[in-house]
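Chemist: After the sequence you'll find the predicted model.
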Amino acid sequence: MAQAFQLGLTGGIGSGKSTVANLLAGLGAAVLDADAISLTLTAPHGLAIEPIRHQFGAAFITAEGALNRPHMRDLVFANPQAKQQLEAIIHPLVSAETARLAQAAQTAGHRCLVFDVPLLVESAHWRGKVDQVLVVDCLPETQISRVMARSGLERAAVQAIMATQASRAARLQAADAVIFNDSITLDELACQVSAFFARLQLSLASHF
C-alpha cells in the first residue's frame, strides 16, 4: 500500500483552524486532531492518568479519574520544569496514538491524512513528519476579537495565550500553503479550502 499524503494543519488561536479541519474532513480527508487525542489521554482513566499521578501526585487527578486541569494549569504556568515534565508524559502518548490512528485511516483507504496540530510550528519534530504544512492565517486583532467573543476572556488573557504560541511570521515562514481566513464568510472560506484540496488532489495523482 502506498503511503498516504500527510498534511500538517496549524494556525494560531482564533484563526479558524478547526473549521478548516472540518471542511477538509467533509472533502474526504482523514483528520487526526492532536488536541482531541490529548484530551482522550487525560480523560477519566486515560493512558496518561497514572503517569501523571505518579509524577505530580493525587491532587492533580479528579475524583472521576481525569486530569485536574485547573490545578495543572496553575502549576505549569508558574513552573516551566513542571510543564516539561507534563509534556514528557503527554507527547509520546499523543505521538503513539496519532500513529495508530493514521495507520488505521490509511488501511481504510484514505489517501490524505490531515494532522491538526495547534503547536506544529513550535514542535521540534512535527515539521519533519508531514509532506506539507497548511497554515490558517488571519490578523492578530481578528484572533483577539474572535476568542473574546466565543470564550468571554478579556483581551489581556487572549494576548497572553497568543504570546505562548509561535508568532504569525513564524507560522507563515513554515507554511507550504496558506488560507487567509479574515473578513470572509464561511462560504468563502469553504471555497478557499475546496480550491486548495482540489490542487492537492492533482498532486496526489503523482504521489501514488
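Modeler: Arrived safely, thanks for sending. What you see is a predicted model; the values in this text were computed from it and never measured.
Chemist: Number of residues surrounding Ala58?
Modeler: 10 (other Cβ atoms under 10 Å). For the C-beta atoms, the positions are set from N, CA and C on the backbone; glycine is no exception.
Chemist: phi, psi of it?
Modeler: Backbone torsions of Ala58, given as degrees, to the nearest 10, read phi -70, psi -20.
Chemist: Next one: it relative to Asn68, how far apart?
Modeler: 9 Å (Cβ to Cβ, to the nearest Å).
Chemist: where do the helices sit along this protein?
Modeler: 17-26, 34-41, 49-56, 69-78, 80-107, 140-151, 155-163, 168-174, 186-207 (DSSP state H).
Chemist: okay, those in a markdown table with distance to Val121 and mean neighbour count next?
Modeler: As requested, those are arranged in a markdown table below (distance: least, Cβ to Cβ, whole Å; neighbours: other Cβ atoms under 10 Å):
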| stretch | distance to Val121 | mean neighbour count |
| --- | --- | --- |
| helix 17-26 | 12 | 19 |
| helix 34-41 | 13 | 17 |
| helix 49-56 | 26 | 16 |
| helix 69-78 | 20 | 13 |
| helix 80-107 | 15 | 15 |
| helix 140-151 | 15 | 15 |
| helix 155-163 | 13 | 13 |
| helix 168-174 | 5 | 15 |
| helix 186-207 | 19 | 14 |
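Chemist: Reformat the ones you listed as JSON lines; add distance to Gln3 and mean pLDDT.
Modeler: Output for the helices of the chain, formatted as JSON lines (distance: least, Cβ to Cβ, whole Å; pLDDT from 0 to 100):
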{"stretch": "helix 17-26", "distance to Gln3": "19", "mean pLDDT": "97"}
{"stretch": "helix 34-41", "distance to Gln3": "20", "mean pLDDT": "94"}
{"stretch": "helix 49-56", "distance to Gln3": "31", "mean pLDDT": "96"}
{"stretch": "helix 69-78", "distance to Gln3": "36", "mean pLDDT": "89"}
{"stretch": "helix 80-107", "distance to Gln3": "8", "mean pLDDT": "93"}
{"stretch": "helix 140-151", "distance to Gln3": "34", "mean pLDDT": "96"}
{"stretch": "helix 155-163", "distance to Gln3": "35", "mean pLDDT": "93"}
{"stretch": "helix 168-174", "distance to Gln3": "22", "mean pLDDT": "95"}
{"stretch": "helix 186-207", "distance to Gln3": "8", "mean pLDDT": "88"}
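Chemist: can you put the ones you listed in TSV and add distance to Val114?
Modeler: Output for the helices of the chain, formatted as TSV (distance: least, Cβ to Cβ, whole Å):
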stretch	distance to Val114
helix 17-26	5
helix 34-41	11
helix 49-56	28
helix 69-78	26
helix 80-107	10
helix 140-151	21
helix 155-163	23
helix 168-174	16
helix 186-207	10
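Chemist: for the ones you listed, which one sits closest to Gly11?
Modeler: helix 17-26 (3.7 Å; Cβ to Cβ).
Chemist: Can you pull out the residues in contact with the closest one?
Modeler: In this structure, residues lying in contact with helix 17-26 by Cβ atoms under 8 Å, 6 or more residues apart in numbering are 9-11, 31, 33, 112, 114, 116, 118, 134, 136, 179, 181, 186, 189-190, 193-194, 197.
Chemist: and it with helix 34-41, angle?
Modeler: Angle, helix 17-26 to helix 34-41, by axes from the mean of the first three to the mean of the last three Cα atoms, to 10 degrees: 90 degrees.
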